[in-house]
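In: the sequence and its predicted three-dimensional model are supplied below.
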2 protein chains.
Amino acid sequence: MVDKIIENEIKEAEKLNKEFKEHSVAEFFKKNKQMLGFYGPVRTLTMVVHEYVTNSLDACEETGILPDIDVKIDELGKEYYEVTVTDNGPGISQENVGKAFGKLLAGTKFHRLIQSRGQQGIGCSGCTMLSQMTTGKSSKIITGQKGKKPISLEIMIDPKSNSPKITNFKELEKQFQGTAVQAKFKEVIYRDSEQGPLEYLKRTAVANPHCQITLRDPSGQKITFKRTSTKLPEASQEVKPHPKGVSADEILNMAKITKARTISGYIINDFDRTGAKSLEEIRKKVNFDLNKDPAKITWEEAEEIAKAFKSIDFIAPSTDALRPIGEDQIKNSLYSIVKPEFLTVLTRKPAVYSGGFPFQVEIAIAYGGEAGRVLTDGTKKFEIMRFANRVPLPFDAGNCALTHAVQGIDWKRYGIKDAENSPMTVFINFISVHIPYTGAGKQSVADEEEVLEEVRLALMNTGRRAGIYISHKKKDEENQMKRKMFYKYIPEITKALTEMTKTDESKLKEQMQKLVLEKLQLDEAKDKEEMEKLEEQMKNDDKSSFVETKKKKVK
Amino acid sequence: MVDKIIENEIKEAEKLNKEFKEHSVAEFFKKNKQMLGFYGPVRTLTMVVHEYVTNSLDACEETGILPDIDVKIDELGKEYYEVTVTDNGPGISQENVGKAFGKLLAGTKFHRLIQSRGQQGIGCSGCTMLSQMTTGKSSKIITGQKGKKPISLEIMIDPKSNSPKITNFKELEKQFQGTAVQAKFKEVIYRDSEQGPLEYLKRTAVANPHCQITLRDPSGQKITFKRTSTKLPEASQEVKPHPKGVSADEILNMAKITKARTISGYIINDFDRTGAKSLEEIRKKVNFDLNKDPAKITWEEAEEIAKAFKSIDFIAPSTDALRPIGEDQIKNSLYSIVKPEFLTVLTRKPAVYSGGFPFQVEIAIAYGGEAGRVLTDGTKKFEIMRFANRVPLPFDAGNCALTHAVQGIDWKRYGIKDAENSPMTVFINFISVHIPYTGAGKQSVADEEEVLEEVRLALMNTGRRAGIYISHKKKDEENQMKRKMFYKYIPEITKALTEMTKTDESKLKEQMQKLVLEKLQLDEAKDKEEMEKLEEQMKNDDKSSFVETKKKKVK
C-alpha cells in the first residue's frame, strides 16, 4: 500500500518534470497582453496610438527633426478599427525594420542611459502582435530614409521564436521620408473620453509644444494640435551612471566591459562627475590597489567602491542628460491648450534616485478657464495630468508615485480649501534616463523615495503660488460683491436720509459714495498688503528650497 | 548648407540604426526589477518569501503531498538578510533544477490551462537574479526526489543568455525529500507590518488550511500556523478552453497542433463542453466544410467558428478545472486565525471571462473579534484580504479589480453604516486557470468585466448577511442597554412610589420588574420579527441570483 503511494508520488513528480518547458517573451506577452496595457476596448486603442506616436517622436527628436505626426483611426466594423500613424522621422533601415515591429525586446534604447520615451523595445512589436491576434492580419509598414528608396512591407510575429515574418517586401519609386504604420485591431472601441485617443494626443501636444499632431477620428473629423514652438528640444545626451546610487553589481558588470586598463581609469572615465579629487578620497577608503586590472575586480572590491561612492560628495548629475520641457514652453502650451485664468510653472533641478539614475520634475498648476476635469453635468473637478519623459500616462493613476505625491499634499495649507472640487489641473512631467515603471505597460511610476520627495517639494512650491492667486481671487470677488452691494443701497439710503435731514439729495449721495469708496479702498489696500507679505514669504521659501545647482552636492 | 544638414541627418539616422540591439528577458527584468514587485526594502523581502513559498505549495499539491513549509529569515547586517525556505515537496530533477532557479520564463505552468499559483516561470529565477544583483552571491539549492539521492548545488544566472550557471554540484548521502533554497539579499528590511513576511504567511495560512507553515523570524521567534485541515485539495485538472471566449487566434493556433483529422473532431475533442448537439448548431452557422483538415483552416474560418461559439449556448465550464478552498474550510481557517464574532462565507459558481478562462470567486465577511485592520492606536478599520489562486496579494491594492469591486459596494444599503470604520475583514479568493494579472509582479487583477461582476454579486450576497448580523447586534446592544437602564432605576422608582402610595415595597418592585420585562420582551420580539423578515428576503435574493450550476447556460 505504502509502496503504491510512493510509486504514485514518483510518477507524479516525473510527470511534472516532463512538463518543464521554456517559452519566448513573445508567447509570454501574448498570453498576458494586459501587462502591456492591452485590456479594456477603449484603453487598448489608446495604448496602440500611444505606442506608435511615442516611437515616432523619439525617432524624430533623436535625429533633429521637428515632428509632424498624423494619426488616422478608421472604423471597419463593430469593435474593429484600423490605425494609421505617419511621421516625418528618419525612417528605419531594411535591416532593422523587422526587429522594430516584429521582435519584442529589441531596439535602440534599452542599453543606453538616455532620456527617451521608449525604453523597452516592446511597444511597436506588441501592437503587431495584438493586431495579428485579434484580426489574423499583418501590419503594413512604409519607411523611407533620406538618400534611399523607400520600402514597403507587411509584418507578423512568430511568437514561438519571437521573430518577424516579413511578406510583400517592395522598393517604392515615389519620394517618402519617414515611417508609416497601418494595422487593424478588433475588440477595441474609439471613444471621445478622458481615456480615449483624442485626450491622449491633446496631452501629448501639451507636453511636446514643438510637435504638430493631427488626428483624423472615425467620424472623419480632423483635429490638429499646432506646434506652439519651433524650437526642437536639444538632443538628449547619453550619460554615464552617477556614482551615487550605482550598486556593486553595476560596478562589477561595467568593469567587465570598460576600456580602461586600471580601476582608477575606470572610475574616472566610466562614471559621471568623478575626477582626481574623488578618486583620492576613494583610494583612502578602499583596501585594494586601484591600479588593478578592472576585469579582475571581485564582488567584495566592487562593494567597497559602491560604499565609498555613497560616503563622499559628488556634484549633482550632468544636466546634459535631461531635457525638461522648460517653464516657458509649458506656459505657452498650457495657455494655448488649457487656457487657464492662472498658471504657475516650476522646473526643479536634477536629482538622482537609486541606481544612479538622474531625474527631474516639472510641475504646473493651472486654475480656472478650461482647467480641471469636466464632469458630464459640467461641474469641474481637480485633475492630475501625469507625464513621464513627456509621454502622457492616462491609466493606472492609483498606483503611481506622481499621484501619491499629489495625494500627500494638504492643499488647505496653501489656502485652497476644497481642492477636490476646484477647477484645477496639476501637470507633472517626470523625466529621467530610466523611468522606474511598475509594469511593462508603462503607466505608473514606482514609489522611489527620492522621486516622491522631489515631486512633493515642487508641489508645495507651486501650490503656495496657486494658493495666493486663489485667495486673492476670492478676496477680489468679495470686494466686488461688497462694492456692488454698497452702491446698490446708496440711492435708497440717501433718499431716506434726505427725507429725515431735509438736505440736498445729490450732494448727500456724492458724499456717501466718496465715503464708501474710501472704506473699500482701505480694505483692498489691507488685502493687498497681506498678499504682498505672503508673496514675499513665498519667495524666501523658494530661495531656501532651491540651492544653486551647479554647486549643489548630492548627499 | 542644406546638403550639410541632410548629410548630418543621414549620419544621425545611421547611428541610430547601428544602436539597434536585442536583449534577453533576464536583462530586461534585471533593469526593471520593480516590474517583478522588487521595490521598497520591506516589500522586496516579502516578495522573495512569496515567490519561494508559492513554488513550494504548487509542487506539493500537484504531487499529492500535504505541504509543510519552513521559512527562516536571518539578519546578516544592515539591510542584509538570508532567506531559507524548505518544503517537503517532490523535489526537482537534476535536469530541471537549473531552469527552475536560473532561467526566466521556464517552468511547468505557462503552457497549461490549470489552476496553479505560479503561471509565468519567473518567480524563483527572479529571486536568484535579485540575490546575485545585491550580494554577488549564488543561491544554494538542496533538492531530493523520492527514490533518488538528493543533490546540492549553487546557482547564478547569466543575464546575457538568460541561462543558469551551476557550481558546487554534489550528490548527498543523507536522506531528504523536498526542496530547500537559501539565498542572501541586500537592500531589504524585515518588518512586522501589514506588508511584511509574517502577515503574508498568516494570510497564506488563511487561504490554505491544509498547509503547515513555520516562520523563524530574524529575532529568533518561531511562529507556526498549524493546518486546520488534513484534506489536501483535489489535484486541479488541466482543462480545455471553454468555447465562450476563445478568439479566432486561439482557434487557429490550436488547430495547428490538434491530433484531430477533421475540424468537427477538433471542435469536439479540443474544447470544453462541446458535443454532437453544439457541433450541429455550428455546422449550420459556418460557410465551409467541417470535414476539412484542421491544419488547413484559414483565419476567416477560425473567425466564423469563434463567432458561432459566441452565438450558441454552452454548459458552464467544467468545475474540474477549479479548486475553490470551500466554504467550510474558509470558515474553519478564519475562525481559527481571525477569530471573528460573525462570519459569512460564499463560494460562487464558476463563470468564464474573456479568453475562455473559467474562474470562480470566494468571499467571506468577518466582523468583530480580531477582524479588521488594526491601527497603531488600536482602532479598527475596514480591511480587504485579496487572494488569487489562494496566494495573498498584499500590494498594489489600488489597481486591482477585486478592490474596485469592493469600492463599488454601497454598504449602507446592507445596514452597515460606517463600513470604513468597522472591525470588518473582507476575504476574496479569485481562482482561475489563468489569472489576468496587470503586471509580472502579480499583485493585482485586471478589470475584466465578468470578474468585476462576479465579485460584486458575491459581495452583495455576503454583505446582506453581514448587514443583518450587524444590525441585529446593534439592536441587541440597544436592548441590553435599555434593560440595564430600567433595572438600574427600578429600586429608586419603587422607593419613591412606596413613599407616595404607602404600599408594600417588595411587592411593588416585583410588579415593576415584571412590567419592564414584558415591555422589553415585546420590543425584542418585534425586532426579531423584523430580522426574520429580512433574512427571508435575503434567502429569496440568494435563490434568484443562484441558478443551479450544472444546468446553467453561459450566455
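Out: It's in.

In: pLDDT weak spots in the stretch 451-555 of chain A?
Out: Counting by pLDDT under 70, the ranges of the stretch 451-555 of chain A that qualify are A:486, A:489-490, A:492-493, A:496-497, A:499-502, A:512, A:534-555.

In: cutoff 80 now
Out: Scanning the stretch 451-555 of chain A for pLDDT under 80 picks out the ranges A:472-524, A:526-528, A:530-555.

In: where do the strands sit along it?
Out: For the stretch 451-555 of chain A, the strands defined by DSSP state E, counting those that start in this stretch cover A:553-554.

In: how about the residues of it near chain B?
Out: For the stretch 451-555 of chain A, no residue is in contact with chain B (C-beta under 8 Å from any C-beta of the partner chain). Bear in mind the C-beta positions are built from the backbone N, C-alpha and C, glycine included.

In: ranges for the helices of the stretch 451-555 of chain A?
Out: A:505-545 (DSSP state H, counting those that start in this stretch).

In: for the stretch 51-200 of chain A, what lies in contact range of chain B?
Out: Counting by C-beta under 8 Å from any C-beta, the residues of the stretch 51-200 of chain A close to chain B are A:59, A:62-65, A:90-93, A:95-96, A:99-100, A:103, A:105-108, A:110-112, A:120-121, A:132-137, A:145-147.

In: give me the buried subset of these.
Out: Neighbour-count burial within these applies to A:59, A:62-63, A:65, A:90-93, A:96, A:99-100, A:103, A:105-108, A:110, A:112, A:120-121, A:132-137, A:145-146; the criterion is 16 or more other C-beta atoms under 10 Å in any protein chain shown.

In: restricted to helices, list the residues you listed.
Out: A:59, A:62, A:96, A:99-100, A:132-135 (DSSP state H).

In: okay, those residues in TSV with distance to residue B:439 and pLDDT next?
Out: TSV is the format used below for those (distance: C-beta to C-beta, whole Å; pLDDT from 0 to 100):
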residue	distance to residue B:439	pLDDT
A:59	27	89
A:62	28	85
A:96	29	88
A:99	25	87
A:100	24	87
A:132	23	93
A:133	20	90
A:134	22	92
A:135	26	93
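
In: closest to residue B:337 among these?
Out: The shortest gap between residue B:337 and any of those belongs to residue A:133, at 42.9 Å (C-beta to C-beta).

In: my read: that closest one touches residue A:30, true?
Out: Yes: contact criterion C-beta atoms under 8 Å: residue A:133 and residue A:30 qualify, at 6.5 Å.

In: give me phi/psi at residue A:347?
Out: The phi/psi pair for residue A:347 (degrees, to the nearest 10) reads phi -110, psi 110.

In: who touches it in this structure?
Out: A:324-327, A:330, A:360-362 (C-beta atoms under 8 Å, 6 or more residues apart in numbering or on different chains).

In: so residue A:426 sits in a helix?
Out: No: using DSSP: H, G, I helix; E, B strand; the rest coil, the assignment for residue A:426 is strand, not a helix.

In: per-residue pLDDT, it?
Out: For residue A:426, the pLDDT comes out at 96.

In: show me the contacts for it.
Out: A:363-365, A:382-385, A:406, A:459.

In: mind putting the contacts of residue A:347 in a markdown table, neighbour count, distance to chain B and secondary structure included?
Out: Output for the contacts of residue A:347, formatted as a markdown table (neighbours: other C-beta atoms under 10 Å in any protein chain shown; distance: C-beta to the nearest C-beta, whole Å; DSSP: H, G, I helix; E, B strand; the rest coil):
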| residue | neighbour count | distance to chain B | secondary structure |
| --- | --- | --- | --- |
| A:324 | 20 | 22 | coil |
| A:325 | 25 | 22 | coil |
| A:326 | 16 | 23 | coil |
| A:327 | 14 | 28 | helix |
| A:330 | 24 | 27 | helix |
| A:360 | 22 | 19 | strand |
| A:361 | 26 | 18 | strand |
| A:362 | 25 | 22 | strand |
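
In: hang on, the earlier thing: pick the one among the ones in helices among the buried ones among the residues of the stretch 51-200 of chain A next to chain B closest to residue A:310.
Out: residue A:62 (33.2 Å).

In: so how far is residue A:232 from the closest one?
Out: 11 Å (C-beta to C-beta, to the nearest Å).

In: could you do residue A:63 as well?
Out: 10 Å.

In: quick check: domain ranges of chain A?
Out: Domain assignment for chain A by automatic domain parsing gives A:26-190, A:248-315, A:319-555.

In: and residue B:159, which of those domains is closest to it?
Out: Across those, residue B:159 has its closest neighbour in domain A:248-315 (8.5 Å, C-beta to C-beta).

In: quote the end-to-end distance of that closest one.
Out: This stretch, domain A:248-315, spans 21 Å end to end (C-alpha to C-alpha, to the nearest Å).

In: got it, and stretch A:211-223?
Out: Stretch A:211-223 has an end-to-end distance of 14 Å (criterion: C-alpha to C-alpha).
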